[in-house]
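J.: let me see the structure of the following:
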Amino acid sequence: MTASNNVHLHEINKFGSRAERWWDPQGEFKTLALSFNAMTQDLKGLFQEVRLRGEEQDLILGSIKEGLCVMDGEGRIVLGNAVFRQIVQSVDPVGKHYWEIIRSSKFVQVVKRSVLSPSGADEEIEVGDRTYSCKVFYLPARERYVVVFSG
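T.: Residues are numbered from 1 along each chain as shown. Down below sits the predicted model:
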């Protein structure tokens, strides 16, 4: 084989690693490397899409005037906007159980009632020195609770 009939590995490998070995341009390694590079490009596109969705979500949550949080089926907070963090006076409530953050028996009851009603449950809740209208919606398909504090 001559050099003109072969492909140098660094022409296939887009990661910049250089190998000083010649490969057959019709060989299995070339096909594998090209497939790997295509998958890498697809992954880059998917990561970009996830990043953009995250930025979009942050923008939407930041524009909401009410306190909003999402809890998983075990009562852990998985998402909360800035207004929610102000209401509960916690810099990072994510990952904590709601009863660690919101110490209110009324809140526990409204969360329990939300499972029974497709339209959610609401209650006036005292958090700190303020009273908020609290609405809790249960999403059974995802085992999530969406909580909105207004007032």
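J.: three-state assignment of the residue most central in space within the chain?
T.: Most central in the chain under CA atoms, centre = their mean is residue 54, positioned 6.7 Å from the mean C-alpha point. On the three-state scheme (DSSP: H, G, I helix; E, B strand; the rest coil), residue 54 is labelled helix.
J.: number of nearby residues for residue 62?
T.: Around residue 62 there are 10 other residues, counting by other CB atoms under 10 Å. Heads up, the C-betas are built off the backbone N, CA and C, glycines and all.
J.: now residue 93
T.: With other CB under 10 Å as criterion, residue 93 counts 23.
J.: now do the contacts for it.
T.: When contacts are counted by CB atoms under 8 Å, 6 or more residues apart in numbering, residue 93 touches 69, 77, 80, 84-85, 101.
J.: wasn't residue 123 part of a strand?
T.: Yes. Under three-state DSSP, residue 123 falls within a strand.
J.: which one is it nearest to, not counting chain neighbours?
T.: Spatially, and ignoring its direct neighbours in sequence, residue 123 is nearest to residue 110 (4.2 Å; CB to CB, 6 or more residues apart in numbering).
J.: list the buried residues in the strand or helix carrying that neighbour.
T.: Secondary-structure assignment from DSSP states H and E places residue 110 in helix 105-114. Under the neighbour-count criterion of 16 or more other CB atoms under 10 Å, helix 105-114 has 107, 110-111, 114 buried.
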